[in-house]
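Asks: 3D model of this:
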Amino acid sequence: MKLLVATRNAHKLEEIRALLPGVELVGTAAWPQVPDPEETGQTFEANAAIKAAAWCAAIGLPALADDSGLEVEALGGAPGIYSARYAGVHGDTAANNARLLRDLAGVPPEKRGARFVCALALALPGEPVRTLRGECAGRILLEPRGVHGFGYDPLFAPEGFDASFGELPEAVKARLSHRARAFALAREHWPEVR
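Replies: Below is the predicted model of the structure:
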């Protein structure tokens, strides 16, 4: 079965291909005339479902979408669904990281619990959208460390590690990450992605 992945990002599509070996995947870049749906949900699951349902309806293929971000306990779950635009501009990693550190100024290390979240949604024609969630718990460091990864990776140390995702080898991150865990659950529970 061909599965449409609701992303125009070639790097992300390749990452998902590695997580779903043997599944025929195509990205939404193949349909430049179809606009991306507006993500108006209040949860990661709702936004992933919006994207999967819209692309399934527009193209007629089964569609898989994800929505992911960082939740920090001391900030009441922020930045949450606004992770990519926490500082105001979508995708400004340096500004997002700087704001996170400002917002956590004075918060001691033991109160900096956080988790990366990845919600997946699968939409099949004529069926209700299914969702599931993968998480990676850890903590926010006092300063960025490492040059690997992207986004908040240099500030996030996964549970059981003193190193940030920015310092850990890619193979370790790939095993621990919220996205890897979400896709492992998908392979376990959704026959369409096995």
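Asks: Can you give me the buried ones in the helix ranked longest in the chain?
Replies: Counting residues, the longest helix found in the chain (DSSP state H) is helix 44-59. Within helix 44-59, the residues scored as buried using 16 or more other CB atoms under 10 Å are 44-56, 58-59. In this view, the C-beta of every residue, glycine as well, is placed from N, C-alpha and C.
Asks: Now do the phi/psi pair for the spatially most central residue of the chain.
Replies: Nearest residue to the geometric centre of the chain (CA atoms, centre = their mean): Ser68, 2.8 Å. Backbone geometry at Ser68, expressed as degrees, to the nearest 10, gives phi -140, psi 160.
Asks: Can you tell me who it pairs with across the strands?
Replies: Cys118 (DSSP bridges).
Asks: Quick check, it in contact with Arg179.
Replies: Yes: between Ser68 and Arg179 there is a contact under CB atoms under 8 Å: 6.5 Å.
Asks: And the strands in the chain, which stretches?
Replies: Remark: strands assigned in the chain by DSSP state E are 2-5, 24-27, 63-72, 113-123, 130-140, 156-158.
Asks: Of those, flag the one that's most buried.
Replies: Across the strands of the chain, averaging neighbours per residue (mean count of other CB atoms under 10 Å) puts strand 63-72 on top, at a mean of 25.
Asks: List the contacts of Ile59.
Replies: 4, 31, 34 (CB atoms under 8 Å, 6 or more residues apart in numbering).
Asks: wait, Arg130
Replies: Counted by CB under 8 Å, 6+ apart, Arg130 has contacts 121-122, 190.
Asks: Burial check on Ser83, number of neighbours?
Replies: Residue neighbour count, defined by other CB atoms under 10 Å, stands at 21 for Ser83.
Asks: Over to Arg85?
Replies: 14.
Asks: Please apply the same query to Gly149.
Replies: Gly149 has 17 neighbours, counted by other CB under 10 Å.
Asks: cool, the one 3 residues further on as well?
Replies: The criterion is other CB under 10 Å. On that basis, Tyr152 has 24 neighbouring residues.
Asks: My read is that it contacts Ala98, right?
Replies: No: between Tyr152 and Ala98 there is no contact under CB under 8 Å: 11.3 Å.
Asks: List the beta-bridge partners for Leu3.
Replies: For Leu3, the beta-bridge assignment (DSSP bridges) gives partners Leu25.
Asks: returning to what we had before: any chance of the strands of the chain in CSV, plus mean pLDDT?
Replies: Formatted as CSV, those follow (pLDDT from 0 to 100):
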stretch, mean pLDDT
strand 2-5, 96
strand 24-27, 96
strand 63-72, 97
strand 113-123, 98
strand 130-140, 98
strand 156-158, 97
